[in-house]
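Undergrad: Predicted coordinates and the sequence they were generated for:
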Amino acid sequence: MSVKIRLARHGRKQHAYYHIVVANSRAPRDGRFIERIGSYNPNTNPATIDLDFDKALDWLFKGAQPTDTTRSILSHQGVMMKKHLLEGAKKGAFSEADAEVKFEAWMKEKSTKIQASKEKLTSSQVEEKKARFKAEAKVNEARLAEIAKRNAAAAAAKLPAPAPITAPVEEKEVVVEAVAEEEVVEAIAEPVAEEAAPETKVETAEENTEA
């Protein structure tokens, strides 16, 4: 029976995650498996890998063949490197202690590269966030300026029309002629001529008797 190390799909549409399983090569992709040795989530940045290192290495020595994707995952985690060094030690190229030292050095270098990659990714995300914030701030400023312009136009439309500007009226000097004091006194002293009242004839009682 040929055995493969492969991925079993889980999750919802467009948001899948995978189990790393050891299964019969003839079994369906998401069907029965012999053992689950890890998980792989590509939805995070960077991708999240949870792997049982010793079990994966043990299955490789038993002859399990990883698929292309799982081989990349195992290589990233150092499983393939450890297998290569142990095989070299079995062939007498170096001792197992030397293989362990080389593997530790390789893992240290690998972790340094991974950390640098994460920091670079984080800094790029921060810069992208700042750029997006500045763009949003500019849009908001333009929007506020447009609103202020509209409000000013509306306020100007409600104001009454200004009065027309006319030429200033020249003030003319009023000259009052002085009247002689004597003339004023004479005018006051002079009596007002009364109209003669019409004479009325009063008949006495005697005249009426004679008549």
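TA: Noted; the coordinates are in hand.

Undergrad: Nearest residue to the middle of the chain?
TA: residue 136 (5.2 Å; Cα atoms, centre = their mean).

Undergrad: what are the phi and psi values for residue 29?
TA: Its backbone dihedrals place residue 29 at phi -60, psi -50, with angles given as degrees, to the nearest 10.

Undergrad: neighbours around it, how many?
TA: Residue 29: 11 surrounding residues under other Cβ atoms under 10 Å. Glycine gets a C-beta too; all of them are placed from N, C-alpha and C.

Undergrad: ok, now how distant is it from residue 37?
TA: 16 Å (Cβ to Cβ, to the nearest Å).

Undergrad: next one: residue 55
TA: Residue 55 is 5 Å from residue 37, by Cβ to Cβ.

Undergrad: Tell me which of those two has more neighbours.
TA: Neighbour count, other Cβ under 10 Å: between residue 55 and residue 37, residue 37 has more, with 25 against 16.

Undergrad: which element is the more buried one on?
TA: Under the criterion of DSSP states H and E, residue 37 resides in strand 35-41.

Undergrad: Output the contacting helices and strands for that strand.
TA: Helices and strands touching strand 35-41, by 3 or more Cβ pairs under 8 Å, 6 or more residues apart in numbering; DSSP states H and E, are strand 15-24, strand 48-51, helix 53-61.

Undergrad: who's in contact with the first one?
TA: The contact list for strand 15-24, computed with Cβ atoms under 8 Å, 6 or more residues apart in numbering, reads 1-11, 31-43, 51, 56, 59, 64, 70, 73.
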